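Enquirer: need a structure here:
(one chain, ligands or ions: 1)
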Amino acid sequence: MKQSIYESAEQLNQQFASRIAGLLEQGIAETGRASLVVSGGRTPQGMFKQLSEMDIDWSKVVITLADERWVPLSDDASNEKMVREHLLVNKASQASFVGLKNSAEQATDGVAQCNQAFDSIPTPFDVLILGMGEDGHTASLFPCSEQLSQGLDLSNQSHYIAVQPTTAPNWRMSLTLRALLDSKNTFVHLVGDSKRQVFEQALAGDDETEMPIRAVLKQSDVELVWAP
Ligand SMILES: O=C(O)[C@H](O)[C@@H](O)[C@H](O)[C@H](O)COP(=O)(O)O
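Expert: Residues are numbered from 1 along each chain as shown. Prediction:
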């Protein structure tokens, strides 16, 4: 597996952001548009700031999320809120954004609308950036959730799945494994020694229901991007 290891999170943020910008430019040159799928959580925030300042034609870029927490957009747990504050600013404010949280009361009732909105995202994705939780979840494919098997089922035609983690608050909306695999460039972006250890553990084993990130690692050409 390709690994890009940096000395510090600052160095990672700068260099990773410029690589992503290059891949998006390449996508625009090839097809006129490009898609960037990002994850929520804390890890990407510093990198988003750097990326937002990259000088590319953001008006041709569609940004979306790998997963979302089913909370109002004003809630601090909202990944869309975080992306709007950290990524859809500066030059990147010209990008289009496809959010996952919609007006459905329950995440399960929001899946159909997410699937419709998916049509406006160029596929295969140009860039997919995944995070990972300490339990081996990625996007919102949580090992503890009842819905995991549907999320990992490659014959599932839905692009999204509503998920209830038992170890984290809020229902989620997540891209399914099948949708996650349809990307030209897939990165797992991790910071810190404990995440690195969990990642090594994921690489060393086989059981996808124990650590769902394994399903992505086994089936796509993932690059690890890491800093201490
Ligand atoms: O909405 C989310 O929770 C995510 O997209 C999730 O998959 C995240 O990437 C990991 O939980 C890591 O989160 P941290 O970066 O906060 O550790």
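
Enquirer: and whichever strand or helix holds residue 224, average pLDDT?
Expert: In the assignment (DSSP states H and E), residue 224 maps to strand 222-227. On average, the pLDDT along strand 222-227 is 98.

Enquirer: need the strands for the chain, in chain order.
Expert: Counting by DSSP state E, the chain has strands at residues 2-5, 34-38, 61-65, 67-69, 96-98, 127-130, 160-163, 172-175, 186-191, 222-227.

Enquirer: So what angle separates the directions of the longest helix along the chain and strand 61-65?
Expert: Scanning the chain for the longest helix, with DSSP state H as the assignment, gives helix 9-31. Helix 9-31 runs at 130 degrees relative to strand 61-65, counting by axes from the mean of the first three to the mean of the last three CA atoms, to 10 degrees.

Enquirer: quick check, helix 9-31 touching the ligand?
Expert: No - figure legend: helix 9-31 not in contact with the ligand (CB under 6 Å from any ligand atom); closest approach 11.7 Å. In this view, the C-beta of every residue, glycine as well, is placed from N, C-alpha and C.

Enquirer: pLDDT score for residue 13?
Expert: Residue 13 is assigned 98 on the pLDDT scale.

Enquirer: Around the ligand, pick out the residues from this protein.
Expert: The chain comes close to the ligand at residues 39-43, 66-67, 69, 79, 131-133, 137-139, as judged by CB under 6 Å from any ligand atom.

Enquirer: dump the residue contacts of residue 126.
Expert: Neighbour list for residue 126: 23, 24, 26, 27, 34, 35, 36, 183, 184, 185 [criterion: CB atoms under 8 Å, 6 or more residues apart in numbering].
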